[in-house]
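> Make a model of this:
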Amino acid sequence: MSEPLSISDLIANWRTIGEFAADVGCGYEAARKMRDRESIAPEHWANVICASEAKGIPGVTYEWLAARRVLAAQSAGEDFDAARPGSVAAGPEKIPQAGTGHLSRIEVAE
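I've put the predicted structure just below:
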C-alpha cells in the first residue's frame with residue numbers, strides 16, 4: 001500500500017464512507033464532507049491517524065494532514081497567515097502545546 005496523495009485517496013482505502021466514518025468516530029455526513037473538501041478538521045486527526053495505521057496505510061501523520069488542510073484552504077481561496085499563532089502554516093513553534101486550550105484533554109504518550 002502506498003501513501004495516499006489526497007484526502008479522497010486516503011478515504012478510498014475504506015470500502016465505503018460509512019466504514020471510514022465508523023473507524024474514525026465521526027458521522028457519515030462529516031466523512032463525506034471531509035472527502036469532498038479534501039480536508040479533515042484537526043479534531044479528527046488523531047483518530048484518522050490511528051485508523052490509517054490499523055489499516056496499514058503509510059504516511060498519514062499530523063504533518064501530512066496539516067499539509068492537506070493548507071492545500072485545501074488555499075484552493076478555496078483562504079489566506080493562511082504564517083505569523084498567526086496556532087495557524088497550520090505557522091510552524092511548530094507557534095502551535096499550542098498539549099495541555100492547553102481545547103486540546104488539553106488529549107494525553108500525549110511519551
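
> pretty sure E38 contacts V70?
No: the criterion here is Cβ atoms under 8 Å, and E38 misses it with V70 at 11.0 Å. Using the backbone N, CA and C atoms, a C-beta is placed for each residue, glycine as well.

> out of these two, which sits in the busier spot?
E38 (19 against 16; other Cβ atoms under 10 Å).

> can you tell me how far A66 sits from I11?
17 Å (Cβ to Cβ, to the nearest Å).

> higher neighbour count, those two?
I11 (23 against 17).

> Tell me the predicted confidence for that one.
Looking at I11, its pLDDT reads 98.

> residues in contact with it?
Neighbouring residues of I11 by Cβ atoms under 8 Å, 6 or more residues apart in numbering: 17, 20, 31, 34-35.

> Next step: those restricted to helices.
17, 20, 31, 34-35 (DSSP state H).

> Now that we're looking at A46, what pLDDT does it have?
pLDDT, read off for A46, is 97.

> measure stretch 11-26 end to end?
13 Å (Cα to Cα, to the nearest Å).

> same question, stretch 49-62
So stretch 49-62: terminal residues 8 Å apart, Cα to Cα.

> got a list of what R37 touches?
R37 sits next to 7, 72, 76 when contact means Cβ under 8 Å, 6+ apart.

> Turn those into JSON lines, columns for secondary structure.
Supplementary listing: the contacts of R37 in JSON lines, determined by DSSP: H, G, I helix; E, B strand; the rest coil:
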{"residue": "I7", "secondary structure": "helix"}
{"residue": "A72", "secondary structure": "helix"}
{"residue": "A76", "secondary structure": "coil"}
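
> Put the buried members of these into a PyMOL selection.
Of these, the buried ones can be selected in PyMOL as follows, counting by 16 or more other Cβ atoms under 10 Å:
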select buried, resi 7+72
